[in-house]
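> Predicted model and sequence below, questions to follow.
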Amino acid sequence: MGTTTHMPESLLPALWQLAQGARWFAGRSRGGRPEGVTLGRWLTPASSGVGIRSAVLEVLFDSGERERYHVPLTYRPVSEAVAPELARADVDGSEFSVGELCDDPAAASLLLDLLRDGAPGFESFGEIPTGLVARRFTGEQSNTSLFFGTSLVCKVFRRLEEGSNVDVELHRALAGTGSVAEIHGVWSDGDVDLAIITEALAQPEDGYDLACEHARRSSSFDDHAHALGATLAAVHETLAERLGTESRQAPALRATLERRFVAAAAEAPEVGPYRDAIASTWGALPETFPTQRIHGDCHLGQVLLSAGHWRYVDFEGEPLKTLEERREPDSRWRDVAGMLRSFDYAAAAGEATAAWLAGTRQAFLAGYGLPDGQERALLAAFEADKAVYEVIYERRNRPHLIHVPIDSLNRLAGETR
Ligand SMILES: Nc1ncnc2c1ncn2[C@@H]1O[C@H](COP(=O)(O)OP(=O)(O)O)[C@@H](O)[C@H]1O
Ligand SMILES: O=P(O)(O)O[C@H]1O[C@H](CO)[C@@H](O[C@H]2O[C@H](CO)[C@@H](O)[C@H](O)[C@H]2O)[C@H](O)[C@H]1O
């Protein structure tokens, strides 16, 4: 990235205001103030008619944490502006309207062409056709995806990480396995990844929607759950093979689980009464267990069914974890637990019977490979941990759903009583 300037072309207040209203800004309830804007190199200069370059907004939070957010920009002559105007900029004596590239489809298509043709910072992994029409994804997400025709999707990362982005690392590692969308390219600036381009899956069906629909109709989801389990096992095998394995001791995991519980209880008093039930899962942990890179935020909203095959998407890990935590090797049973929790949500949404839920869980585990005794202990501890995480997540984002993880903590307390 270029130099940090404190009020370049009045972009600092404009980008700060943009962040305040954006789904991708993870800082609304954390205080904080904008510290600076860094402008990247021009991919094409403003004088060419459509200037393109990235801006990075640096934010300092009350806690002392700093985060950096990425906003790709377009500079167009004022009378030809396409995206809502963020600011006016004087470049070499001419005035330009600065907008978000994600809201300027022609500029987004141009960006793809420039990357494909060897713009600095682009690493190509697969074919990128020219002249594809861009469309901003309008569904819920924490970054911003641009679909190009029916063949590619470019996920523009918003909260930037030092070093390689976790999603990029894991898509690279899983290339060619058929369990993720194929990676076609990565756009970086120095050692910071700005965007990943992958294959756009054909007519994707969202795993959560599909499971809820089955739950609602009381129709069996077992075959899908079995295939989801088998695909997750393949993902884990490949990640272990290509990125290695380590091991971890129970006391370290116990300390982490306890720390997460204490932090959660401080924010959500409703989890306090479940401490003993949850702590009983920590007591049963195996002394040593293998760890490796995992998905990290595995749930039905992270799987897409396309052409009859399940693919896992979005390997960025839990949004509430720090970037360092997301990169740490973990037990693969954490992912398995995440998906089991998700069946609970689908069952609640579809008002399914206990038998539907039990059958779905069993089919998923059979597809994954049934856990042995020690693995069952890990699974129970991770399911409880995830439910506690969900209480916080729902409290902050969807209070009307908080009963789903609370009901499952109630069940856990009933079982351990
Ligand atoms: N390769 C793909 N092909 C088609 N749709 C996709 C693909 N990857 C993701 N999606 C859709 O885009 C949504 C957001 O993608 P995701 O990677 O989860 O973004 P974020 O990390 O910003 O939340 C997904 O829920 C899915 O509906
Ligand atoms: O997709 P994200 O990485 O942003 O994940 C976060 O949001 C999820 C909700 O969109 C949340 O998932 C929880 O709700 C799902 C149903 O909407 C359910 O399938 C999951 O099991 C449940 O955890 C996820 O926890 C959060 O990290």
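On my side now, so go ahead. Ligands and ions are numbered 1, 2, ... in the order given.

> so what secondary structure elements neighbour the host helix or strand of residue 342?
Element membership for residue 342 (DSSP states H and E) is helix 332-349. Applying 3 or more Cβ pairs under 8 Å, 6 or more residues apart in numbering; DSSP states H and E, one finds that helix 332-349 contacts helix 207-217, helix 222-243, helix 354-368, helix 373-397, helix 403-416. From N, CA and C alone the C-beta is placed, and that goes for glycine too.

> so can I have TSV of those showing distance to ligand 1, mean pLDDT and mean neighbour count?
Converted to TSV, the helices and strands packed on helix 332-349 look like this (distance: least, Cβ to the nearest ligand atom, whole Å; pLDDT from 0 to 100; neighbours: other Cβ atoms under 10 Å):
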stretch	distance to ligand 1	mean pLDDT	mean neighbour count
helix 207-217	9	98	19
helix 222-243	15	98	19
helix 354-368	20	98	18
helix 373-397	13	94	20
helix 403-416	19	91	16
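
> can you tell which of those helices is closest to residue 177?
For residue 177, the closest of those is helix 222-243, at 5.2 Å, according to Cβ to Cβ.

> List the contacts of the closest one.
Contacts to helix 222-243, defined as Cβ atoms under 8 Å, 6 or more residues apart in numbering, come from residues 169-170, 173-174, 177, 179-180, 207, 210-211, 214, 292-295, 298, 303, 305, 309-312, 332, 335-336, 339, 343, 359-369.

> rerun that using 6 Å as the cut-off
173-174, 177, 179, 292-293, 310, 312, 332, 359-360, 363-364, 367-369 (Cβ atoms under 6 Å, 6 or more residues apart in numbering).

> do the same with stretch 198-209
147, 151-153, 181-183, 300-301, 303-307.

> go with 7 Å
147, 150-153, 171, 181-184, 300-301, 303-307, 311, 342, 346 (Cβ atoms under 7 Å, 6 or more residues apart in numbering).

> Okay, and which of these map to strands?
Members of those lying in strands (criterion: DSSP state E): 147, 152, 153, 183, 184, 303, 304, 305, 306, 311.

> JSON lines for these, including pLDDT, neighbour count and distance to ligand 2?
JSON lines is the format used below for these (pLDDT from 0 to 100; neighbours: other Cβ atoms under 10 Å; distance: Cβ to the nearest ligand atom, whole Å):
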{"residue": "147", "pLDDT": "98", "neighbour count": "17", "distance to ligand 2": "18"}
{"residue": "152", "pLDDT": "98", "neighbour count": "23", "distance to ligand 2": "21"}
{"residue": "153", "pLDDT": "98", "neighbour count": "20", "distance to ligand 2": "16"}
{"residue": "183", "pLDDT": "98", "neighbour count": "23", "distance to ligand 2": "19"}
{"residue": "184", "pLDDT": "97", "neighbour count": "23", "distance to ligand 2": "22"}
{"residue": "303", "pLDDT": "98", "neighbour count": "28", "distance to ligand 2": "10"}
{"residue": "304", "pLDDT": "98", "neighbour count": "21", "distance to ligand 2": "13"}
{"residue": "305", "pLDDT": "98", "neighbour count": "19", "distance to ligand 2": "15"}
{"residue": "306", "pLDDT": "98", "neighbour count": "15", "distance to ligand 2": "18"}
{"residue": "311", "pLDDT": "98", "neighbour count": "24", "distance to ligand 2": "15"}
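
> Quick one: these as CSV, columns for distance to residue 53 too.
Listed next are the ones in strands among the contacts of stretch 198-209 as CSV, based on distance: Cβ to Cβ, whole Å:
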residue, distance to residue 53
147, 22
152, 22
153, 22
183, 24
184, 22
303, 35
304, 32
305, 38
306, 34
311, 33
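
> Tell me the one of those nearest ligand 1?
Nearest to ligand 1 among the ones in strands among the contacts of stretch 198-209: residue 153, at 4.9 Å, using Cβ to the nearest ligand atom.

> excluding its backbone neighbours, what's nearest the closest one?
Closest residue to residue 153 apart from its sequence neighbours, by Cβ to Cβ, 6 or more residues apart in numbering: residue 200 at 4.4 Å.

> do you know how far the one you found is from ligand 2?
Shown here: residue 200 relative to ligand 2, a distance of 19 Å by Cβ to the nearest ligand atom, to the nearest Å.

> Renumber starting at 27 from here on
Shifting the count to begin at 27 puts that one at residue 226.

> Could you give the number of residues near that residue?
When counting by other Cβ atoms under 10 Å, one arrives at 19 neighbours for residue 226.
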